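Colleague: Based on what follows, work out the 3D shape:
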Amino acid sequence: MATRRANVLGLGLIGGSLALALAKHGFSVSGSDTSSDVEQSALARGVISAVGIDPQAEVSFVATPVSSIPEQVMLALAKTTGIVTDVGGVKSSVVNAVSDARFIGGHPMAGSELAGLDGADDALFEGAVWVLTPSVESSDESFESLAKIIRTLGAEIVVLDAQRHDRLVAVVSHLPHLTAATLMGLAHITAEEHVAVLRLAAGGFRDMTRVASGLPQIWIDICRENRSAILDALDGMISGLTEMRGIVESQDNQALL
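Modeller: Below is the predicted model:
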């Protein structure tokens, strides 16, 4: 029985985890990265079986930073004859830039506070929600084939249009990251005045700020590409906190309850 073949473009946490998960389910995975050191490390660790883009791969996953995804998707479409998808956290900018029957936008709602290949986990997508955002150009055949592969990795598929996805993830993903970074900044200022403050931080603080330890560079792209939806989410949070401040200030116990 012929070995199934896949490509992963971008070998960070998500790309590395994808490569491991695909290999676990019988795929021979070729991988590429802008860093040749990362490529060689992935090869040496057995995360990928070859460096480069396999033209015979039935599926190619683009796991590069959001701003570079359209270019990398077009590269994968040009070099292969199989399905191409991405895993970016913003979908409208990608789907609007690529019109091809073989492309389906995607976003696995999975991650870790760990970064790069050191955090790669072949079980990362098991039980996770994986959003697919097909466009009018995406073929039904490509969608069905990709959905089957993603289910093989253990994920549950949710289908959304790209704009709706971006509005929703601004609230459930992007806003929490920005909030966590803000809270850590406040704790840092307080810690300079009261050195014991972080020793006092219990589970609630750790749970709320865990995601702040991820790679900060990716949020530059995300905040640029999903600016409008993120601003709306921030406005909602600011409005809610302002209301909460008023309740606390007025000692309105019923409203607080």
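Colleague: remind me, longest helix of this structure?
Modeller: Criterion DSSP state H: the longest helix present in the chain is helix 227-250.
Colleague: So in terms of bridging, what pairs with the closest residue to S49 other than its chain neighbours?
Modeller: Excluding the flanking residues, the one nearest S49 by C-beta to C-beta, 6 or more residues apart in numbering is S28, at 5.1 Å. (Each C-beta comes from the backbone N, C-alpha and C, glycine too.) Under DSSP bridges, the beta-bridge partners of S28 are R5.
Colleague: Test my guess that S28 contacts R4.
Modeller: Yes - between S28 and R4 there is a contact at 7.1 Å, judged by C-beta atoms under 8 Å.
Colleague: Just checking, which helix or strand of the protein averages the lowest pLDDT?
Modeller: When each helix and strand of the chain is scored by mean pLDDT, DSSP states H and E, helix 197-200 comes last, with a mean of 65.
Colleague: where does the stretch 51-200 of the chain have low pLDDT?
Modeller: 112-113, 191-200 (pLDDT under 70).
Colleague: neighbours of N96, just the number please.
Modeller: Residues near N96, counting by other C-beta atoms under 10 Å, number 13.
Colleague: any idea how far the nearest residue to it once chain neighbours are set aside is from A229?
Modeller: Excluding its sequence neighbours, the residue lying closest to N96 (C-beta to C-beta, 6+ apart) is A162, at 7.4 Å. Separation of A162 from A229 (C-beta to C-beta, to the nearest Å) stands at 11 Å.
Colleague: One more: A78?
Modeller: 31 Å.
Colleague: more crowded one of those two?
Modeller: Between A78 and A229, counted using other C-beta under 10 Å, the more crowded position is A229 (21 against 10).
Colleague: Could you verify my assumption that that one touches R167?
Modeller: Yes - applying C-beta under 8 Å, one finds A229 in contact with R167, separated by 4.9 Å.
Colleague: list the contacts for the closest residue to D122 other than its chain neighbours?
Modeller: With sequence-adjacent residues excluded and distances taken as C-beta to C-beta, 6+ apart, D122 is closest to L20, at 3.7 Å. Contacts were defined as C-beta atoms under 8 Å, 6 or more residues apart in numbering; by that measure L20 touches V47, A120, D121, D122.
Colleague: where does the residue lying closest to S41 once chain neighbours are set aside fall, helix, sheet strand or coil?
Modeller: Of all residues not flanking S41 in the chain, L117 sits nearest, at 6.0 Å (C-beta to C-beta, 6+ apart). Assigned with DSSP: H, G, I helix; E, B strand; the rest coil, L117 falls in the helix class.
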